[in-house]
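# got a predicted structure plus its sequence, pasted below:
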Amino acid sequence: MESTLKEMRGGESVLDLSPKATVGGGVEDVYGEDCATEEQLVTPWTHSVASGYSLLRDPHHNKGLAFTEKERDSHYLLGLLPPAVVTQQLQEKKLMDNLRKYEVLLQKYMAMMELQERNERLFYKLLIDNVEELLPIVYTPTVGEACQKYGSIFRRPQGLYISLKEKGKVLDVLKNWPERNIQVIVVTDGERILGLGDLGCQGMGIPVGKLSLYTALGGVRPSACLPVTIDVGTNNEQLLKDEFYIGLRQRRATAQEYADLLHEFMSAVKQNYGEKVLIQFEDFANHNAFTLLAKYGTTHLVFNDDIQGTASVVLAGVVAALKLIGGTLADHKFLFLGAGEAGTGIAELIALEMSKQTKIPVEETRKKIWLVDSKGLIVNSRKESLQHFKKPWAHDHEPVKDLLGAVKAIKPTVLIGSSGVGRTFTKEIIETVTSFNEKPLIMALSNPTSQSECTAEEAYTWSQGRAIFASGSPFDPFEYNGKVFVPGQANNAYIFPGFGLGLVISGAIRVHDDMLLAASEALAKQVSDENYNKGLIYPPFSNIRKISANIAANVAAKAYELGVATRLPRPANLVKYAESCMYSPVYRSYR
Ligand SMILES: NC(=O)C1=CN([C@@H]2O[C@H](COP(=O)(O)OP(=O)(O)OC[C@H]3O[C@@H](n4cnc5c(N)ncnc54)[C@H](OP(=O)(O)O)[C@@H]3O)[C@@H](O)[C@H]2O)C=CC1
Ligand SMILES: CC(=O)C(=O)O
Ligand SMILES: [Mg+2]
């Protein structure tokens, strides 16, 4: 057996578990599971061969009733399973039937998490094959409710918890994680979970959910994904008083104490996993998010999904929408409600793309974009008191105190909600923006559904069916005056899985804005005439793996062009290469 395994691994011992760079630019497929074809036999290695009861309890290798007679015989499973042998397809059918019977979304979420902990491949098979139905369960909006109730529904820990108690020992904590070969980390400190605010340690649902999309939508191996929650306390009084709260029961550490723990984490990640692990910052509050991105952008492979991923997905939607609303990017005037991570991140990428298209300096193209925050329109007279990320958006204008006033004064062609506050696009606001646009583009990005600036029904009804509408959380199609309108989902889930895959397969060591533009361009190109005819400005999620492969290829191409790719030589066909690197959830046969 030893010699077979050596052949499989090109002569190396499979028991050497130290991370190594591979031809794929990522980390090594230690067990040979993913480089073998689906027909080849693989060994269900953990650190030893899993068998019997422990094989059934190991989510990476468990197949439940799909273990064949031969596998049951040779892996000491006889008697541990009832006699029936079923296919993965039948298991999938049964689980989908069961899931559809739950009326409460949170029950569906819990059933999916339980499946992930029991049978990982079946979980991903379900998610990939039923992506449009299950995305709202494992992701927004249901994941938001799950985070709010995380303590009460907590059964088994998922991901890695790094709290202030582990200060000075973060490297040891990382070493406790069972997998050594990590390619993508999604980390949160739980301070701005969707539009739900500070959920402290219970924010863990977000990195767990985002990483399951990395695998299902982007094809990154589940074993290469690490969800992390940094627990520095919470300022959420309700959670502090909640007897089921799972985090540190103290108010948030700030300033040096916060920076020190984050720095220890960032250093330990590099030390443990090397230069090429992608660290995705997720749902940090903006007073930390911009600082962390700037501080670690020059030393680590970091990406802030809320600032950068959102920017890329919204730019793609706007570019695609030009086919429906007409004009070039520079012909449009943008107004945002919300000038935080999402709002200013999107604004900057749109201004950058406008500048590239027109050769007009970005300082000028920014003037086409206006933002409103909780104090009103961002104008020059407020400049001194503005947070640094808002200053570039302070233009010459008299003060305007609210969104309605700003809509009337600016007359935008594109209205974008990134405030985290629900129902802020009122009837009057949508009617006003419709009064001077034949087809206003309205994007209500805030998540979850309860925080959406308006519903699809409101956007279509109040604009008399003229709005091109997309939202961060999904809405069902809506019929208005005999026509069915299908709202698109403007969510960074279109971007980050393919973006991360592109970084991994090229062995990129830094993220650059041009890669965000490359991702955006690849996404916009995937919108078909059939989609446009339904009023959609995004392709359906059912095509997401193909979309992700195209995004990955465009991002990787840009990494090579910029000289930040380390996987050499560059594969000739990057789309095919990206596809060939993607994880498949089909069961493997055990020898
Ligand atoms: N669809 C998607 O893919 C994504 C959606 N989002 C969603 O966007 C929302 C915002 O996220 P993010 O930008 O990170 O959050 P931030 O906290 O960074 O920014 C929120 C902004 O909204 C402003 N704001 C809050 N309340 C009001 C109000 N009543 N009127 C006007 N402005 C208001 C804040 O103003 P001030 O600065 O004055 O406090 C701030 O500028 C969240 O709901 C999040 O779920 C985020 C990322 C991706
Ligand atoms: C989608 C996302 O990243 C957010 O709402 O924060
Ligand atoms: Mg987020």
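Structure's in. What do you need? Please read these numbers as outputs of a predicted model, since none were measured by experiment. Ligands and ions are numbered 1, 2, ... in the order given.
# quick one: list the elements packing against the helix or strand encompassing residue 208.
Assigned by DSSP states H and E, residue 208 belongs to helix 205-216. Packed against helix 205-216, as judged by 3 or more CB pairs under 8 Å, 6 or more residues apart in numbering; DSSP states H and E, are the following elements: helix 120-129, helix 131-138, helix 142-148, strand 184-188, strand 225-231, helix 496-506. For every residue, glycine as well, the C-beta is placed using N, CA and C.
# around ligand 2, which positions in the chain sit nearby?
With CB under 6 Å from any ligand atom as the criterion, the chain meets ligand 2 at residues 140, 194, 283, 305, 306, 447, 472, 491, 492.
# so what pLDDT did residue 33 get?
As predicted, residue 33 sits at a pLDDT of 64.
# same check, this time on residue 28
57.
# circling back to that earlier point, between the residues of the chain next to ligand 2, which is closest to residue 165?
residue 283 (21.8 Å; CB to CB).
# what about the closest one, distance to ligand 3?
4 Å (CB to the ion, to the nearest Å).
# look up phi and psi at that residue.
Phi and psi for residue 283, reported as degrees, to the nearest 10, are phi 60, psi 40.
# quick check: which of the helices and strands packed on helix 205-216 is nearest to ligand 3?
Among the helices and strands packed on helix 205-216, the nearest to ligand 3 by CB to the ion is strand 184-188 (8.2 Å).
# alpha carbons of the closest one, as PDB, please.
Presented in PDB, the C-alpha positions along strand 184-188 are these (Å, rounded to 0.1, in the frame of the first residue of the first chain):
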ATOM      1  CA  VAL A 184      -8.600  31.000   2.700                       C
ATOM      2  CA  ILE A 185      -9.500  32.400   6.100                       C
ATOM      3  CA  VAL A 186     -12.600  34.500   6.600                       C
ATOM      4  CA  VAL A 187     -12.300  36.400   9.900                       C
ATOM      5  CA  THR A 188     -14.700  38.700  11.700                       C
END
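# apart from its neighbours in sequence, what residue is nearest residue 411?
residue 436 (5.3 Å; CB to CB, 6 or more residues apart in numbering).
# before we move on, the earlier item: and the helices and strands packed on helix 205-216 as a markdown table, adding mean neighbour count?
Shown next, in a markdown table, are the helices and strands packed on helix 205-216 (neighbours: other CB atoms under 10 Å):
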| stretch | mean neighbour count |
| --- | --- |
| helix 120-129 | 21 |
| helix 131-138 | 20 |
| helix 142-148 | 24 |
| strand 184-188 | 27 |
| strand 225-231 | 24 |
| helix 496-506 | 31 |
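# please tabulate those in TSV, including the columns mean pLDDT.
Below are the helices and strands packed on helix 205-216 laid out as TSV (pLDDT from 0 to 100):
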stretch	mean pLDDT
helix 120-129	98
helix 131-138	98
helix 142-148	98
strand 184-188	98
strand 225-231	98
helix 496-506	98
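# just to revisit the earlier point, quick one: average pLDDT of the helix holding residue 208?
According to the model, helix 205-216 has a mean pLDDT of 98.
# and the angle from it to strand 225-231?
170 degrees (axes from the mean of the first three to the mean of the last three CA atoms, to 10 degrees).
# quick one, helices of the stretch 151-300 of the chain?
170-176, 205-216, 237-241, 255-273, 286-296 (DSSP state H, counting those that start in this stretch).
# between helix 255-273 and the last one, find me the angle.
This means helix 286-296. Relative orientation of helix 286-296 and helix 255-273, computed by the same axes, to 10 degrees: 50 degrees.
# which non-adjacent residue is nearest residue 391?
residue 383 (6.1 Å).
# ok, now which ones touch the closest residue to residue 197 other than its chain neighbours?
Nearest non-adjacent residue to residue 197, counting by CB to CB, 6+ apart: residue 236, 6.9 Å away. By CB atoms under 8 Å, 6 or more residues apart in numbering, the contact set of residue 236 is 197, 198, 199, 200.
# I am finished for the moment; much appreciated.
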